[in-house]
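> heads up, no residue letters with this:
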């Protein structure tokens, strides 16, 4: 029998007159690596806030690690860890002091705190920097410390909100290596939001939200097979060129930066288009069926345009309340 880390049924939430979530159903099995993807305003932050017990829905049920999170939020919260997009470390304290404080918040006995701190510092390769003040650490080291802190109390479910934003490729790969090791070795469930599509390729499943609604869900391979397209992405030299191309191809998609995206069946169709319009373009890019093309196909937006800082409730301080 499948055990679920997250079970959501008929979840709806209205914020300021806007339907942030509309009858969402979701089931994430223990040990999965699950990604939530969507444009700004799609409902991702609202969903995460509800799952973290920091916001109540208007309708629906939420179970975290088989606990009713709406009636027993403190018990549910004790089973989760969170790595936030923006750093929430106290940079005046040392590495060990940040971990120690987190353990105290969650009521961990002293002996357990010491053992867990030593274990986690070794895991994220910070054992030599235990006494270093956080403000002296590099961005990658701080991110590794935030992961260690989120794992301090032994959560069953780890939320990762843009965990590798702004980090170099090598550091990002190292962080995902830690997380994948934990998932395999301990059965930790991961729920992640990210704008790096290559990171989503390794996820068990992906949920795509738009305007608060579930528009697609499946493995990366399933989504690409069902919704992926071969795309021609072009930047016209001026508005007149854009108008001419739009008139000739009414189904063309317009991205916020002025780029146009046109589904193409094959290379012959691309060559024909370029013969007619190539000299009137300032930029051309071909894109085979991918998660990026899935996102554009389902939302009409480009994930690269979806990098503005989120707004919403401040979820950086969590503990046993």
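On my side now, so go ahead. All values derive from a computational prediction rather than experimental measurement. Numbers count the residues shown, from 1 in each chain.
> residue 293 against residue 232, yeah?
No - Residue 293 is not in contact with residue 232 according to CB atoms under 8 Å; the separation is 10.8 Å. Glycine gets a C-beta too; all of them are placed from N, C-alpha and C.
> what do these two both touch?
Each of residue 287 lies in contact with both residue 293 and residue 232 under the rule CB atoms under 8 Å, 6 or more residues apart in numbering.
> okay, residue 193: pLDDT?
Here the pLDDT value assigned to residue 193 is 86.
> OK, contacts around it?
Residue 193 makes contact with 35, 36, 37, 44, 48, 160, 161, 162 under the criterion CB under 8 Å, 6+ apart.
> tell me the contacts of residue 265?
Residue 265 neighbours (CB under 8 Å, 6+ apart): residue 230.
> repeat for residue 123
Residues in contact with residue 123, defined by CB under 8 Å, 6+ apart, are 148, 178, 182.
> what residue is smack in the middle of the chain?
residue 193 (0.4 Å; CA atoms, centre = their mean).
> now do the helices in this structure.
Listed in chain order, the helices of the chain (DSSP state H) span 44-51, 73-77, 95-105, 110-123, 139-151, 169-186, 197-200, 220-227, 239-248, 267-277, 291-299.
> hey, which of those is tucked in deepest?
Mean neighbours per residue, mean count of other CB atoms under 10 Å, is largest over the helices of the chain for helix 44-51, with a mean of 24.
> so where's the stretch 201-321 of the chain uncertain?
302-321 (pLDDT under 70).
> list the contacts for residue 147?
Contacts of residue 147 (CB under 8 Å, 6+ apart): 83, 124, 163, 175, 178, 179.
> apart from its neighbours in sequence, what residue is nearest the third one?
To tie it back to what came earlier, the one meant is residue 163. Nearest non-adjacent residue to residue 163, counting by CB to CB, 6 or more residues apart in numbering: residue 83, 4.8 Å away.
> same question for the second one.
In this structure, residue 124 finds its nearest non-sequential neighbour in residue 144, 4.0 Å apart by CB to CB, 6+ apart.
> surely the one you found touches residue 175?
Yes - counting by CB under 8 Å, residue 144 touches residue 175, with 6.6 Å between them.
> rewinding a little: the residue nearest to residue 124 and residue 126, how far apart?
6 Å (CB to CB, to the nearest Å).
> what do you get for residue 181?
Where residue 126 is concerned, residue 181 sits at a distance of 15 Å (CB to CB).
> now residue 147
In terms of CB to CB, residue 147 sits 10 Å off from residue 126.
> looking at the contacts of residue 123, which is nearest residue 287?
residue 178 (30.9 Å; CB to CB).
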